[in-house]
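S.K.: using only what follows, build the 3D model:
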Amino acid sequence: MKLKNIILAVIFALVSYMGTSQEGLPIYTDYLTDNYYLIHPSMAGIANCAKVRLTARQQWFGQDDAPKLLTLSMNGRLGDSPSAIGGILYADKNGYHSQKGAYFTYAHHLMFSRSEVDLNMLSFGLSAGFIQYQLDETTFLFDGGDPAISGTVQSATNFNVDFGFSYHFLDFYLHGTVKNMLKNNGVNTGIGAQNGIAVTDNLRRYLFSVGNVFSKYGSEWSYEPSIMFQYRDGTKEATIDINAKVYKQMEFGKLWGGLSYRNSFDGAEYFTGTNTVSSQKLQQITPILGVNYNEFMFAYNYTYQTNSIVFTNGGFHQLTLGYNFNCRRERYDCECPAVN
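M.R.: Have a look, this model is predicted:
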């Protein structure tokens, strides 16, 4: 591969992942590890247990300053009321860029069931939080000649709001969320605008998830196909996740696994060795393995990018640890792992 092709591949990879990691909490496939609350605030307190989830994600092992993400989330009901609260802390680093954030969530769940056996519930959730963005320029070549480089650690703090809804009917579910609803003045005035760099102030993102759990009566096996669609308003980019999970009920809890395929509707053009223009779209495959052992949960997923032009052949590893507490009895006669 010629040098210019390598450079173009690096640019494509960095744009794909920096665009994701610098727009609030990045959206990977960790929501599939029993953690839909990370992307949909209406899922706070949806389950019969309060939940704590810790995730650690590392991309491109062996590469300096490779992207990494840590998240800690907790959510649960307020007693026997229909209200619930939750919170998310996260730290995301991508080369010289990094961000830290904290969200607080309030959710409310409306029951339409004739009894506690039939699940028919509409939920609303609102998250508000602060995000601190940083750009470390201390190792940049700085002689005062470039006004865009200060030679310091630049930072800005931004406040934003997410709002979403969820609907559960028996084994079916539907989620919709608008993330980063407010104008992102903190980024513009803090890092970009003071140097005359145009940074979008519209980080609004729309997320839609739909799925269903299938099983035979009395069977220990259940199957969950689902789809997650996301659209970035500012850049007009769209991606879709096509997911499939399988569960096996055990005496100690549950074993489960799955596969997720992410495809972008938008691509990037690059020159091949014959000086012809080709294009490719972001494509990822993620296998997932998990186990629920009594009150504990452990999951691992590995994301592999299937594009022909990539930054590195190394994949992205993620571990999730979870703990459930204040559990109530399973009230609904349904195969609904996010609720029961």
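S.K.: for residue 36, give me phi and psi.
M.R.: Per-residue torsions, residue 36: phi -60, psi -20 (degrees, to the nearest 10).
S.K.: residue contacts, it?
M.R.: Residue 36 makes contacts with 43, 46, 175, 209, 338, as judged by CB atoms under 8 Å, 6 or more residues apart in numbering. Just so you know, the C-beta spots here come from the backbone N, C-alpha and C atoms, and that holds for glycine as well.
S.K.: flag every buried residue along the strand or helix carrying residue 300.
M.R.: For residue 300, the element it lies in under DSSP states H and E is strand 296-305. Buried residues in strand 296-305, counting neighbours by 16 or more other CB atoms under 10 Å, are found at 297, 299, 301, 303, 305.
S.K.: the first one contacts residue 319, correct?
M.R.: No: assessed by CB atoms under 8 Å, residue 297 is found out of contact with residue 319, at 11.3 Å.
S.K.: thinking again about what came up before, farthest-apart pair in the contacts of residue 36, please.
M.R.: Maximum pairwise distance among the contacts of residue 36 (CB to CB): 12.9 Å, between 46 and 209.
S.K.: export the contacts of residue 36 to a markdown table and tack on neighbour count?
M.R.: Listed next are those as a markdown table, based on neighbours: other CB atoms under 10 Å:
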| residue | neighbour count |
| --- | --- |
| 43 | 30 |
| 46 | 25 |
| 175 | 26 |
| 209 | 23 |
| 338 | 18 |
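S.K.: out of those residues, who's nearest residue 245?
M.R.: The closest of the contacts of residue 36 to residue 245 turns out to be residue 338 (CB to CB; 11.1 Å).
S.K.: my read is the closest one is in a helix, agree?
M.R.: No: read with DSSP: H, G, I helix; E, B strand; the rest coil, residue 338 is coil and lies in no helix.
S.K.: how about the strands of the stretch 51-200 of the chain, start to end?
M.R.: With DSSP state E, counting those that start in this stretch as the criterion, the stretch 51-200 of the chain has strands at 68-77, 83-94, 97-111, 120-136, 153-169, 172-179.
S.K.: how about the ones you listed in CSV, adding mean pLDDT and distance to residue 256?
M.R.: Below are the strands of the stretch 51-200 of the chain laid out as CSV (pLDDT from 0 to 100; distance: least, CB to CB, whole Å):
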stretch, mean pLDDT, distance to residue 256
strand 68-77, 94, 19
strand 83-94, 93, 23
strand 97-111, 94, 24
strand 120-136, 91, 23
strand 153-169, 90, 19
strand 172-179, 97, 16
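S.K.: wait, which of the ones you listed is closest to residue 54?
M.R.: Closest to residue 54 of the strands of the stretch 51-200 of the chain is strand 68-77 (CB to CB; 5.3 Å).
S.K.: quick one: which of the strands of the stretch 51-200 of the chain is nearest residue 290?
M.R.: Closest to residue 290 of the strands of the stretch 51-200 of the chain, according to CB to CB: strand 68-77, at 16.2 Å.
S.K.: that closest one pairs with which strands?
M.R.: The pairing partners recorded for strand 68-77 under DSSP bridges are strand 50-59 (antiparallel), strand 83-94 (antiparallel).
S.K.: mind putting the strands of the stretch 51-200 of the chain in TSV, distance to residue 243 included?
M.R.: TSV is the format used below for these (distance: least, CB to CB, whole Å):
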stretch	distance to residue 243
strand 68-77	19
strand 83-94	22
strand 97-111	23
strand 120-136	21
strand 153-169	17
strand 172-179	13
